[in-house]
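Student: Take a look and give me a structure for this.
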Amino acid sequence: MALLGKWIWRLGTDKGGLWKEILVSKYGGWRSLREEGKVGRGSLWWKDLKEVWASEGWGRSFEDGFEWEVGEGRAILFREDNWLSCGALKSVFPRIFSLSVTKGAKVAELGNWFDGVWVRKDRVGEVSPVYSKLWRCKVLPSALVTAWRVMENKIATRVNLERRGVVVENLVCGLCGKVEESSCHLFSVCEFTWRVWCLCFEWLGVSFVIHKDPLVNFQQFRLCSASDVVNDVWGAIWVGVVSGIWRHRNSVTFDRGVVDALEVFALVHVNVWSWIFAKSCCNSFTYPNWVLNPVDCMRLVV
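Tutor: Numbers count the residues shown, from 1 in each chain. The predicted structure is shown next:
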């Protein structure tokens, strides 16, 4: 047992070596020893290592014996490893860990060191160009927040609610009644959603391919030859469609509303036009002009 324990120690502390690279590529390194379950086609030697790890809490003693040298954090898992004095974040905040979409991320991937203080990357540096485009859209804050939640997959779809531990009676989409209601389905590939998008494309006089990922969909929803101002209005239309689909879904789910793609499309007309007038200095076109000639009206927005 002592010899096997020494191999585990070397697996966790040695910084290189062909033998370690092979084990990491095949089994995942020393962290895989703490995973429960069968090894499958693992060697007898690896199975013995797992038995030693699990016997009499040896593995916990091994981890507690580490004193991490963080450095840039390229080898330390941010949530899973015990690199903080309070313990592993996975154990301290299990609820947050269960909702995290960055499990397995390294310390260096999620933040940087500034004068000895670690700061998350989303609090420093430049904002992602995709979100910079979103924040420029001339829309109501409530619609902006809805769009951001959709792009981040934080919207309370039935699949997301179940993932958070909420008991959901039925996961099927309330608008098409055929597929599980995930963010990708509800806002991109649902039959109802596709009808709404087609109505918008016909209104705008364009052909477009919908990407199933809302974040990529928003990023691609622009005119290559148009000015930034015109593309900001295009972004507002995207926000109007997404927020309109979400409101309509809630109406159907909670208020026994009727599924109607034309209703959502009509509200996109009204909402985006009202947002433009509320958020810009433009007053040179009327609502009928907006409905009949949207692209021409976009060029008049200041």
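Student: where exactly do the strands run in the stretch 51-200 of the chain?
Tutor: For the stretch 51-200 of the chain, strands defined by DSSP state E, counting those that start in this stretch occupy the ranges 111-114, 117-120.
Student: Show me what counts as buried in stretch 205-221.
Tutor: Residues Ile210, His211, Asp213, Pro214, Leu215, Asn217, Phe218, Gln219, Phe221 are the ones in stretch 205-221 that count as buried (16 or more other Cβ atoms under 10 Å). Backbone N, C-alpha and C define where each C-beta goes, glycine included.
Student: can you tell me which of those residues are in helices?
Tutor: Under the assignment DSSP state H, the buried residues of stretch 205-221 contribute Pro214, Leu215, Asn217, Phe218, Gln219 to helices.
Student: can you put those residues in JSON lines and add pLDDT and distance to Val52?
Tutor: Listed next are those as JSON lines, based on pLDDT from 0 to 100; distance: Cβ to Cβ, whole Å:
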{"residue": "Pro214", "pLDDT": "91", "distance to Val52": "47"}
{"residue": "Leu215", "pLDDT": "88", "distance to Val52": "44"}
{"residue": "Asn217", "pLDDT": "90", "distance to Val52": "50"}
{"residue": "Phe218", "pLDDT": "92", "distance to Val52": "50"}
{"residue": "Gln219", "pLDDT": "87", "distance to Val52": "49"}
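Student: Any chance of the residues you listed in TSV with distance to Trp238 as columns?
Tutor: Shown next, in TSV, are these (distance: Cβ to Cβ, whole Å):
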residue	distance to Trp238
Pro214	9
Leu215	11
Asn217	8
Phe218	6
Gln219	10
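Student: quick one: which of those residues is nearest Arg158?
Tutor: Arg158 lies nearest to Pro214 out of those, by Cβ to Cβ, at 16.2 Å.
Student: Can you tell me how far the closest one is from Met151?
Tutor: From Pro214 across to Met151, the span is 5 Å (Cβ to Cβ, to the nearest Å).
Student: go on, Leu11?
Tutor: Shown here: Leu11 relative to Met151, a distance of 40 Å by Cβ to Cβ.
Student: Over to Phe254?
Tutor: 24 Å.
Student: These two: who's more crowded?
Tutor: Neighbour totals were compared for Phe254 and Met151, and Met151 leads with 22 against 9 (other Cβ atoms under 10 Å).
Student: And Leu23, which helix or strand is it part of?
Tutor: Following DSSP states H and E, the helix or strand that holds Leu23 is helix 18-27.
Student: which strands and helices sit next to that helix?
Tutor: Helices and strands touching helix 18-27, by 3 or more Cβ pairs under 8 Å, 6 or more residues apart in numbering; DSSP states H and E, are helix 2-13.
Student: for the stretch 51-200 of the chain, which spans come out with low pLDDT?
Tutor: Within the stretch 51-200 of the chain, the segments meeting pLDDT under 70 span 53-54, 56-68, 112-128.
Student: care to break the protein down by domain?
Tutor: Domains of the chain are assigned by automatic domain parsing as 1-66, 69-125, 129-298.
Student: which of those sits most buried?
Tutor: Comparing the domains of the chain by mean neighbour count (mean count of other Cβ atoms under 10 Å), domain 129-298 ranks first with a mean of 17.
Student: Which phi and psi values does Lys154 adopt?
Tutor: Torsion angles at Lys154 (phi, psi; degrees, to the nearest 10) stand at phi -110, psi 0.
Student: need the buried residues of stretch 205-221 in a markdown table with distance to Ala278, can you?
Tutor: Formatted as a markdown table, the buried residues of stretch 205-221 follow (distance: Cβ to Cβ, whole Å):
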| residue | distance to Ala278 |
| --- | --- |
| Ile210 | 28 |
| His211 | 30 |
| Asp213 | 30 |
| Pro214 | 25 |
| Leu215 | 26 |
| Asn217 | 25 |
| Phe218 | 22 |
| Gln219 | 26 |
| Phe221 | 22 |
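Student: By residue count, which helix of the chain is the longest?
Tutor: Longest helix in the chain, counting by DSSP H: helix 228-254.
Student: what does the host helix or strand of Cys297 rub up against?
Tutor: Using DSSP H and E, Cys297 sits within helix 294-298. Outside of helix 294-298, the residues within contact range by Cβ atoms under 8 Å, 6 or more residues apart in numbering are Trp203, Leu204, Gly205, Ala226, Val229, Val230, Val233, Trp234, Phe285, Asn289, Trp290.
Student: can you tell me the average pLDDT over that helix?
Tutor: The pLDDT scores in helix 294-298 average 88.
Student: now stretch 14-24
Tutor: Computed over stretch 14-24, the mean pLDDT rounds to 73.
Student: circling back: ok, of the buried residues of stretch 205-221, which one's closest to Leu23?
Tutor: Among these, Asp213 lies closest to Leu23 (Cβ to Cβ), at 34.8 Å.
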